[in-house]
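# Need the 3D shape of this:
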Amino acid sequence: AFTVSSLPENTSNVKFTFSSSPPSAEITIYVSAKYQNDDIYYYQGKYLTDGQNVNFNIVRIDNGNSLEKVRFSFSYDKERINAPSTITITKLEFNSPINFVYSPLRLIALSLIVGFVIYCPDYIRKMKYVDSGKKPYLVIASLGVTAASIFLIYAFINKSSFFTSYPLTKEALASPTTDIYTALFDAINKGQVYLDIDPDPKLLTVSNPYSSAIWNQYGISVLWDHAYYQGHYYCYYGILPVLLISFPIYWLSGCTLVPNIIFLQIFAVILLVPSFLILLLEINKLVTKKINWPLLSFLMVVGCFSAMLFSNVTFKDGYYHEGIYHTPIAYGLVSTSLFLIFAIRAYRNNQYRGLNLGLSGLFFVFIIASRPNLAMCLFLVAPLYIAILIQKGVGAKKKILEFLPLFLILVIGACLICYYNYARYNSIFEFGQTYQMNYDQTELTYEFNKILPTIVHFYFQGPTFYNSFPFISCSTVNLSFDNALYI
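Next comes the predicted model:
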């Protein structure tokens, strides 16, 4: 850290030139600017040391003649792949201009949007609709199978990047290089629900093992974002990826390889994209039986990116393994898409209604086994179920038979999930979030009165506008969830 007192007039846009290894390392710069009227301005942000990536080595400061001095301090996350091993500041420039950055990809994307807006009204007026049939389903499914096959071949060729050799020693399981899903696979493979990792024995002797203050006071070492209960570590993330992906891959490899968190993330997105596209197709068919191929294709591409499907993949190595947060969400979204697909199919088509309802129930169970709070999508499907139940011209006996597979699957799934929860935490309704090791959450409660406001915020609240680029952003929720559970 250092302080600069002799500042040029109207100081702003401080440009740093670094020499680092690797050349493009990520660091955090903290700024504390003091003004003559004793106002203090604080700012922090992440920057790249190469200076070639947009303007990521330029720090902006609120300018003005009253600026007295500025203090800069630096830090970096040692667990990131691009963390610097060595770094030196070689040059410091004040009032550096913001560079104009030309991006061909951005120009093409913006041009396509502008062209679509200009051309779309005339195109919609002239476009022709055709019967869709099974062709779009076959095209999407074929592309999905092709992508999955290519990735599997690539992953097995590059085993060291996507798999962990098995079996593992207890030391290897407790290592930061082993992600929690691999540890969960190991536990289930051994016929137990707790991870085969020994917690610090001092956790059993303190009054509150979930208090970070107590950890610091007694020098207790904990595994971050693991659930701890009665002397054992548990994985409170959804078990579905392990059952659906890890075990089949393990058996396919001759019981020698277990997919790591990067494999699980990428494979989830490969499943998610075609599932989401078929969901869009089903929604289209819910409105009309005919489609316009160019328009539907455009909406599918826009839908994939606007839904941020690809953001479920992150590559952050080290202790925290950021992918553990995205993996259960990704598999939950796959299950949600399939749940909605079969619920819509059951509603719009009498044929195979019992099968479609049963499959919708199965994927609802998968949702709970991945990311339980995604079960709120049931609000979207409930009107379809109710419409089927009150449909005229269909006897009560037939309706009961149609809903029987759905009911049985939900009951069996609920029993299995409740048993899994009870085996871990002695409570059928506890998914482990109460006992996670990051901060004390044992006093948190469910606040059902915030469900409706949350739905309004995420689905109906408008955006926020700014007077600087990009001029529009997602609105911020004003609800406090600090004392409420999430799963």
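# any idea which helix or strand comes after the lengthiest helix in the chain?
Secondary structure of the chain per DSSP state H: the longest helix is helix 396-425. Using DSSP states H and E, the helix or strand that follows helix 396-425 in sequence is helix 451-460.
# pLDDT (mean, whole number) over that following helix?
Averaged over helix 451-460, pLDDT sits at 71.
# just checking, what packs against the helix or strand just after it?
Once the chain leaves helix 451-460, the next helix or strand it forms, by DSSP H and E, is strand 464-465. Judged by 3 or more C-beta pairs under 8 Å, 6 or more residues apart in numbering; DSSP states H and E, strand 464-465 is in contact with strand 472-473. (Each C-beta comes from the backbone N, C-alpha and C, glycine too.)
# Repeat the analysis, applying 7 Å as the threshold.
Helices and strands touching strand 464-465, by 3 or more C-beta pairs under 7 Å, 6 or more residues apart in numbering; DSSP states H and E: there are none.
# so what strands line up beside it?
The strands beside strand 464-465 in its sheet (DSSP bridges) come out as strand 472-473 (antiparallel).
# avg pLDDT for the partner strand?
68.
# Next SSE downstream of the helix or strand of the chain with the lowest mean pLDDT?
Counting by mean pLDDT, DSSP states H and E, the chain has its least confident helix or strand at strand 130-131, which shows a mean of 62. Later in the chain than strand 130-131, the nearest helix or strand by DSSP H and E is helix 135-157.
# contacting residues around that next one?
For helix 135-157, the external contacting residues (C-beta atoms under 7 Å, 6 or more residues apart in numbering) are 162, 263, 266-267, 270, 274, 277-278, 281.
# Extract the C-alpha set from that helix and format it as CSV.
Backbone C-alpha positions of helix 135-157 (Å, rounded to 0.1, in the frame of the first residue of the first chain) are rendered in CSV as follows:
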residue,chain,number,x,y,z
LYS,A,135,-38.6,-32.4,-36.8
PRO,A,136,-37.6,-29.6,-34.3
TYR,A,137,-37.5,-32.1,-31.5
LEU,A,138,-35.3,-34.4,-33.4
VAL,A,139,-32.9,-31.6,-34.5
ILE,A,140,-32.5,-30.3,-31.0
ALA,A,141,-32.1,-33.8,-29.5
SER,A,142,-29.6,-34.7,-32.1
LEU,A,143,-27.5,-31.6,-31.5
GLY,A,144,-27.6,-32.3,-27.7
VAL,A,145,-26.5,-35.9,-28.1
THR,A,146,-23.8,-34.8,-30.5
ALA,A,147,-22.5,-32.2,-28.1
ALA,A,148,-22.6,-34.6,-25.1
SER,A,149,-20.8,-37.3,-27.1
ILE,A,150,-18.0,-34.9,-28.3
PHE,A,151,-17.5,-33.6,-24.7
LEU,A,152,-17.4,-37.2,-23.3
ILE,A,153,-14.7,-38.2,-25.8
TYR,A,154,-12.7,-35.0,-25.2
ALA,A,155,-13.0,-35.5,-21.4
PHE,A,156,-11.8,-39.1,-21.5
ILE,A,157,-8.9,-38.0,-23.7
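# From the contact counts, what lies against whatever helix or strand comes next after it?
Where DSSP H and E defines the elements, the next helix or strand beyond helix 135-157 is helix 159-162. The helices and strands touching helix 159-162, judged by 3+ C-beta pairs under 7 Å, 6+ apart, are helix 261-287.
# angle of the helix it packs on against helix 135-157?
If you take axes from the mean of the first three to the mean of the last three C-alpha atoms, to 10 degrees, helix 261-287 sits at 180 degrees to helix 135-157.
# average model confidence for the following helix or strand past helix 261-287?
Using DSSP H and E, the next helix or strand after helix 261-287 towards the C-terminus is strand 290-291. Strand 290-291 shows a mean pLDDT of 72 in the predicted model.
# Counting by contacts, list what strand 290-291 packs against.
By 3+ C-beta pairs under 7 Å, 6+ apart, strand 290-291 packs against strand 130-131.
# Neighbours of Ser211, how many?
Residues near Ser211, counting by other C-beta atoms under 10 Å, number 15.
# should've said Pro241
By the measure other C-beta under 10 Å, the count of residues near Pro241 is 27.
# list the contacts for it?
181, 264, 327, 331.
# which helices and strands sit right next to the helix or strand harbouring the first one?
Using DSSP H and E, the element containing Tyr181 is helix 180-189. For helix 180-189, the packing partners by 3+ C-beta pairs under 7 Å, 6+ apart come out as helix 323-348.
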